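K.L.:
Have a look at this fold, sequence not included:
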């Protein structure tokens with residue numbers, strides 16, 4: 001059993017590194033306002049990807065970018081953000097009292113678990129207002 005854990009850990013660790021590199025490439029020369037930070041994507045209600053996953057979240061002046069360890073990118077153009085909120089439940093999911101950071105867009109809502117969710121909410125709200 002420990003051999004399986006070691007192999008899986010090595011594989012996922014490599015994927016996590018690749019996801020962080022992909023995020024850095026996607027950011028390019030843009031200023032990073034917040035992050036990169038570990039986060040858990042909780043899916044979407046709407047046109048955004050619904051598959052949940054762990055990865056890295058970053059905020060630039062124009063975009064919220066997320067790269068999953070396993071799965072595709074989830075990027076949000078801040079011009080499409082209509083509101084930002086927090087919620088104990090999202091899409092029928094409630095996990096041990098954790099709070100979802102919910103980003104509402106014209107195409108639907110997306111959610112993450114991220115440390116300092118109030119800081120993220122305020123930063124996304126302020127950036128989206130510009």
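P.N.:
Nice, I can see it. Not measured: the values here are computed from a predicted model.
K.L.:
And the next helix or strand past the helix or strand bottoming out on mean pLDDT in the chain?
P.N.:
The helix or strand with the lowest mean pLDDT-type score in the chain, counting by mean pLDDT, DSSP states H and E, is helix 2-27 (a mean of 62). For helix 2-27, the following helix or strand on the C-terminal side (DSSP states H and E) is strand 34-46.
K.L.:
Pretty sure residue 115 sits against residue 34.
P.N.:
No: Residue 115 is not in contact with residue 34 according to Cβ atoms under 8 Å; the separation is 11.1 Å. Where C-beta positions appear, they are placed from N, C-alpha and C, glycine not excepted.
K.L.:
between those two, who's got more neighbours?
P.N.:
residue 34 (18 against 9; other Cβ atoms under 10 Å).
K.L.:
Find the residue closest to that one in space, skipping its chain neighbours.
P.N.:
Residue nearest to residue 34 in three dimensions, not counting chain neighbours: residue 59, with 4.2 Å by Cβ to Cβ, 6 or more residues apart in numbering.
K.L.:
again, but for residue 15
P.N.:
The spatial neighbour of residue 15 that comes closest, neighbours along the chain excluded (Cβ to Cβ, 6+ apart), is residue 69 at 4.9 Å.
K.L.:
Relative to residue 59, how far out is the one you found?
P.N.:
Computed as Cβ to Cβ, to the nearest Å, the residue 69 to residue 59 distance reads 19 Å.
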